[in-house]
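Asker: Based on what follows, work out the 3D shape:
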Amino acid sequence: MAEREPRIFLDGQTFPEGPRWHNNRLYFSDIHAHQVTAVDMQGKTEVVARVPNKPSGLGWLPDGRMLVVSMMDKKLNRLDPDGLKVVADLGEYFSGHANDMVVDRQGRAYIGNTGGEIWSNPPTPSRPTSIVMVTPDGKARVVAREMVGPNGMVITPDGRTLIVAEPGATRLTAFTIGADGSLGNQRVWAQMEGPPDGIAIDAERCVWAGVPREPGKFLRLAEGGQVKQRIEVSDRRGIACALGGPGRKTLFLLESFKTSPDSQKGNGRIRTVEVDVGGAGWP
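Answerer: Numbers count the residues shown, from 1 in each chain. The predicted model follows:
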């Protein structure tokens with residue numbers, strides 16, 4: 001890995017987040033551009049949805065329809081052939097902006113939030129908050145409480161463990177997933193050297209995590225916190241990552257100078273690097 005240098009894959013973005021590999025394309029939310037974009041390995045892009053209240057987490061139902069988190073109005077939307085439809089209103093559950101999400105094999109969506117309304121005017125202070133699970137028929141319920149800004153999430157290949165980034169606690173936290181989708185046996189999966197943002201999981205059950213703290217970085221961690229690999233980002237923040245491409249051995253690195261709503265086109269970019277262990281599990 002040390003001899004492989006990341007290369008520019010897609011430049012000129014505003015604030016790319018929430019990357020997901022699906023049907024041979026990388027999907028991501030360009031949050032402050034209010035759109036979801038898909039790009040293939042040749043760099044051909046397509047805007048697949050426009051989300052006025054800022055898109056974040058992405059996922060797919062078993063029938064192939066895409067789910068999109070709408071941040072500012074705290075809603076989960078579904079992309080139908082005739083446009084976006086509201087699946088669930090999450091306002092009563094979230095103290096902050098709705099944020100990242102992972103969708104399991106049954107179409108159950110686990111959604112976190114920022115804990116405080118960081119882009120409101122004025123911002124509201126961050127406080128402990130919840131993870132909410134939404135079933136495909138739109139029923140929502142709280143499955144974890146007292147979380148510190150739950151952000152990026154992954155599910156292990158056996159479908160039994162959810163791992164979530166808690167940037168406010170500088171850690172990755174794991175839960176056992178029950179048959180009904182409930183979360184139990186909360187434990188620290190890895191204490192980290194910086195606050196994690198978006199994450200991806202590989203076939204060795206290691207987690208790649210973006211660390212936005214300047215200068216940014218991407219870390220590959222084993223359970224317990226051992227850093228197996230690292231990619232330093234000299235001039236930007238390491239926001240989020242995804243494993244995709246052939247064999248899911250391409251690591252997509254989403255990077256930005258800043259995260260604020262006044263970000264302009266060119267603030268964000270996506271780089272790629274080839275890794276030895278391919279992606280697994282969800283997303």
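
Asker: what residues does stretch 168-178 touch?
Answerer: Outside stretch 168-178, the residues that touch it by C-beta atoms under 8 Å, 6 or more residues apart in numbering are 104, 115, 126, 144, 147-149, 155, 159-166, 183-196, 199, 207, 209, 221, 223. All C-beta atoms are positioned from the backbone trio N, CA, C, and that covers glycine.

Asker: Using ChimeraX, define a selection of the buried residues within those residues.
Answerer: One line in ChimeraX is enough to select the buried members of the contacts of stretch 168-178, burial here meaning 16 or more other C-beta atoms under 10 Å:
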select :104,115,126,144,147,148,149,155,161,162,163,164,165,166,183,189,190,192,194,195,196,199,207,209,221,223
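
Asker: What about the contacts of stretch 168-178, which are in strands?
Answerer: Of the positions in those, 144, 147, 155, 161-166, 183-191, 199, 207, 209, 221 sit in strands, assigned by DSSP state E.

Asker: Low-confidence ranges, the chain, go.
Answerer: The chain contains residues with pLDDT under 70 at 1-3.

Asker: One more pass at 90, please.
Answerer: Low-confidence segments of the chain, defined by pLDDT under 90: 1-5, 116-127, 193, 213-215, 234-235, 258, 260-262.

Asker: Now do the phi/psi pair for residue 60.
Answerer: Dihedral pair for residue 60: phi -130, psi 140, per degrees, to the nearest 10.

Asker: Contacts only, for the residue lying closest to it once chain neighbours are set aside.
Answerer: Setting aside the residues directly before and after it, residue 60 is nearest to residue 66 in space (C-beta to C-beta, 6 or more residues apart in numbering), at 5.6 Å. Residues near residue 66 by C-beta under 8 Å, 6+ apart: 27, 36, 48-49, 58-60, 78-79.

Asker: Now the buried members of those.
Answerer: Using 16+ other C-beta under 10 Å as the burial test, these include 27, 36, 49, 58-60, 78-79 as buried.

Asker: and of those residues, the nearest to residue 43?
Answerer: Sorting those by how near they are to residue 43, with C-beta to C-beta, puts residue 27 at the top with 14.4 Å.

Asker: what's the helix or strand for the closest one?
Answerer: Residue 27 belongs to strand 25-30 when elements are defined using DSSP states H and E.

Asker: Report all helices and strands that that strand contacts.
Answerer: In this structure, strand 25-30 makes packing contacts with strand 16-22, strand 35-39, strand 55-60, strand 237-244, strand 268-274, judged by 3 or more C-beta pairs under 8 Å, 6 or more residues apart in numbering; DSSP states H and E.

Asker: can you give me how far that strand is from the chain middle?
Answerer: Here the centre of mass of C-alpha atoms in strand 25-30, compared against the chain's by C-alpha atoms, centre = their mean, to the nearest Å, lies 11 Å away.

Asker: And for residue 45, the neighbour number?
Answerer: Residue 45 has 14 neighbours, counted by other C-beta atoms under 10 Å.

Asker: Once you drop chain neighbours, what's closest to it?
Answerer: Counting by C-beta to C-beta, 6+ apart, the residue nearest residue 45 is residue 39, at 4.6 Å.

Asker: got the end-to-end distance for stretch 276-283?
Answerer: 19 Å (C-alpha to C-alpha, to the nearest Å).

Asker: what residues does it touch?
Answerer: Counting contacts by C-beta under 8 Å, 6+ apart, the residues touching stretch 276-283 from outside are 1, 20-22, 58-59, 102-105, 154-157, 159, 200-206, 242-244, 247-249.

Asker: Which pair of the contacts of residue 66 spans the longest distance?
Answerer: The widest separation within those, taken as C-beta to C-beta, falls between 27 and 78 and amounts to 14.5 Å.

Asker: who's in contact with the residue nearest to residue 154 when sequence neighbours are not counted?
Answerer: Counting by C-beta to C-beta, 6+ apart, residue 154 lies nearest to residue 201, which is 4.2 Å off, once chain neighbours are set aside. Contacts here follow C-beta under 8 Å, 6+ apart; on that basis residue 201 touches 154-157, 163, 207-208, 243, 279-281.

Asker: Cheers, nothing more for now.
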